[in-house]
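Trainee: I'll drop the sequence and a predicted model, then ask my questions.
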Amino acid sequence: MTERICVRAALLAPLVASGLALSGCMSSPTYGTDKTAGEQLAGDLSSAFSIAPKRKDPIDYKPRPDL
């Protein structure tokens, strides 16, 4: 049983170490928006493909008076 745990730990340790090392590289500049580039991209894509209804209420335009 202990040999099995040691083997699992030996396989898992490099994955954890590489994950921690890469997490430092994943932080992106925010360019003053308080959002990373990935968050901004996700927000832009989600707003481009919104599931809002296509038809909207018409705008009540008032005719211009004669000049």
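Mentor: Thanks, I have the structure now.

Trainee: Going by C-alpha atoms from here, please, whenever you check contacts or count neighbours.
Mentor: Noted.

Trainee: Okay, now the unreliable bits of the chain?
Mentor: For the chain, the stretches with pLDDT under 70 are 1, 24-30, 52-53.

Trainee: rerun that using 50 as the cut-off
Mentor: Scanning the chain for pLDDT under 50 picks out nothing.

Trainee: Just say helix, strand or coil for the residue nearest to the spatial centre of it.
Mentor: By CA atoms, centre = their mean, the chain has its centre lying nearest to residue 39, at 3.6 Å. Secondary structure assignment for residue 39 (DSSP: H, G, I helix; E, B strand; the rest coil): helix.

Trainee: ok, it to residue 32 distance?
Mentor: 13 Å (CA to CA, to the nearest Å).

Trainee: longest single helix anywhere in this structure?
Mentor: The longest helix of the chain (DSSP state H) is helix 2-25.

Trainee: Report the distance from that helix to the chain centre.
Mentor: 26 Å (CA atoms, centre = their mean, to the nearest Å).

Trainee: which strands and helices sit next to that helix?
Mentor: Helices and strands touching helix 2-25, as assessed by 3 or more CA pairs under 8 Å, 6 or more residues apart in numbering; DSSP states H and E, are absent.

Trainee: Run a quick neighbour tally on residue 36.
Mentor: Neighbour count for residue 36, taken as other CA atoms under 10 Å: 16.
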